[in-house]
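Undergrad: Build the 3D model from these lines:
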Amino acid sequence: MRLSVVLVSLGLASNVLVEADLNGAVMEGYDVVAYQSLSLGSSGVLGSTDYVYNLTSTDQGVDIGPYEFRFATADNLATFAADPWTYAPKFGGF
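TA: The predicted structure is shown next:
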């Protein structure tokens, strides 16, 4: 079962739609950074619980999350951590 939540970060002016399963993994645990390098028609890359980033947003002073993003490699985790709002799903775009 999936849970969809809309996060609004006023400081970053970002509306983010995050899909998380009941275990807390966004996009069912697939690596959102790896999606950027996939060829057309390729399958997604499942992330690992060894490489996790917990993202929290703030809406009107209230923390929302954390939402767990999983990554296949330490490099993908570091890339996401450097700029999470570049890779976090936006506006239901997945």
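
Undergrad: Please, where are all the helices along this protein?
TA: Shown for the chain, the helices assigned by DSSP state H span residues 74-82, 84-87.

Undergrad: As a markdown table, those with mean pLDDT, mean neighbour count and distance to residue 58 would be great.
TA: C-beta here means a position set from N, CA and C on the backbone, and glycine is covered the same way. Formatted as a markdown table, the helices of the chain follow (pLDDT from 0 to 100; neighbours: other C-beta atoms under 10 Å; distance: least, C-beta to C-beta, whole Å):
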| stretch | mean pLDDT | mean neighbour count | distance to residue 58 |
| --- | --- | --- | --- |
| helix 74-82 | 97 | 16 | 18 |
| helix 84-87 | 90 | 16 | 13 |
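
Undergrad: Quick one, which of these gets closest to residue 64.
TA: Residue 64 lies closest, by C-beta to C-beta, to one member of the helices of the chain: helix 84-87, at 13.7 Å.

Undergrad: about what we covered before: could you save the helices of the chain as JSON lines and add columns showing distance to residue 38?
TA: Shown next, in JSON lines, are these (distance: least, C-beta to C-beta, whole Å):
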{"stretch": "helix 74-82", "distance to residue 38": "12"}
{"stretch": "helix 84-87", "distance to residue 38": "13"}
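
Undergrad: So which of these is nearest residue 53?
TA: helix 74-82 (5.5 Å).

Undergrad: wait, doesn't residue 25 sit right on residue 66?
TA: No - assessed by C-beta atoms under 8 Å, residue 25 is found out of contact with residue 66, at 11.5 Å.

Undergrad: re earlier: between the helices of the chain, which gets nearest to residue 42?
TA: helix 74-82 (15.4 Å).

Undergrad: how about the CA coordinates for that closest one, as PDB?
TA: Only the C-alpha atoms of helix 74-82 are listed here, as PDB (Å, rounded to 0.1, in the frame of the first residue of the first chain):
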ATOM      1  CA  ALA A  74      27.500   6.000  -1.800                       C
ATOM      2  CA  ASP A  75      28.100   8.300  -4.700                       C
ATOM      3  CA  ASN A  76      24.400   8.600  -5.500                       C
ATOM      4  CA  LEU A  77      23.700   9.300  -1.800                       C
ATOM      5  CA  ALA A  78      26.300  12.100  -1.800                       C
ATOM      6  CA  THR A  79      24.900  13.600  -5.000                       C
ATOM      7  CA  PHE A  80      21.400  13.700  -3.500                       C
ATOM      8  CA  ALA A  81      22.600  15.000  -0.100                       C
ATOM      9  CA  ALA A  82      24.400  17.900  -1.900                       C
END
